[in-house]
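Student: Task: produce atomic coordinates for the following.
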Amino acid sequence: MPDFSFLTQSATLPWILGAAILFSIGLVLVLAGLTALFGLHPLRFITRTLLGLLLITMGVLQATITLGIQGYRALTQEDLAARISVKPYAPQKFTAKLRFPDGREESYTLSGDEIYLDARILKWHAIANMLGLSTAYELDRIGGRYRDLEQEKSAQRTLYTLGRDKPVDLFALTKRFPFLENVVDAKYGSAAYVPVGEPADLELRVSTTGLLIRPAAPKPAEPAKP
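Tutor: Model prediction:
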């Protein structure tokens, strides 16, 4: 089963409540329309049923978007997405240990000269921002990258997924249902890579312009004991 503990409740709660309210009101109107039909009031039946179906559709749309953003983290100006410790152990072989802000840790064995990471980024239209949705991102993949193009084509490739299972893939839905483009302003990928020649501590950051990999800030020295 997918782990939804990382869902940002404050960002999605208005959408969950809104979807439930729209669906409930729509269902009540559809039932009222059927009642009007039995009472031989065709105009009331048509208007109430159409309005009810419209509200139900809007509620389903909100619920779909809410499910689709599970796994994404809200993006402010620049967020720390992960701390990375890389350590070469053989020519063009190295390990990478990722520590995420929620405390989760993952380790990967990679081949190549450089460490490569990419992410998916979602930017919303203003109406979605007003309802509490901000630009969001999800780390997608980590891998090793060779500097030499021919070696990149023929040498051993190592690539792992960083994204988590989710019930709805919003990227895929926007391709299948163009009307979702009225809510999603932009959806794009961003990647970053840096050489790995020696052990190093790095920070993977996400900004509104994409991914950044920087040397980790040195840890403050511990005060001397008296």
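
Student: Quick check on residue 50: phi, psi?
Tutor: With angles defined as degrees, to the nearest 10, residue 50 sits at phi -60, psi -40.

Student: does residue 160 sit in a helix, a strand or a coil?
Tutor: At residue 160, secondary structure determined by DSSP: H, G, I helix; E, B strand; the rest coil is strand.

Student: neighbours around it, how many?
Tutor: 13 (other CB atoms under 10 Å). Heads up, the C-betas are built off the backbone N, CA and C, glycines and all.

Student: Can you name the residues that contact it?
Tutor: Listed by CB atoms under 8 Å, 6 or more residues apart in numbering, the contact set of residue 160 reads 108, 141, 142, 143.

Student: pLDDT value on it, please?
Tutor: In this model, residue 160 is scored at 94, pLDDT.

Student: Residue 151 now?
Tutor: 92.

Student: Restrict the helix or strand containing it to CA atoms and write it as PDB.
Tutor: Using DSSP states H and E, residue 151 sits in helix 149-154. Output in PDB follows, covering the C-alpha atoms of helix 149-154 (Å, rounded to 0.1, in the frame of the first residue of the first chain):
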ATOM      1  CA  LEU A 149      28.900  10.100 -24.500                       C
ATOM      2  CA  GLU A 150      30.000   6.800 -26.100                       C
ATOM      3  CA  GLN A 151      30.500   5.300 -22.700                       C
ATOM      4  CA  GLU A 152      27.100   6.600 -21.700                       C
ATOM      5  CA  LYS A 153      25.600   4.600 -24.500                       C
ATOM      6  CA  SER A 154      27.400   1.300 -23.900                       C
END
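
Student: sorry, back to before: which two among the contacts of residue 160 are spaced furthest apart?
Tutor: Pairwise distances across the contacts of residue 160 peak at 10.5 Å for 108 and 141 (criterion: CB to CB).
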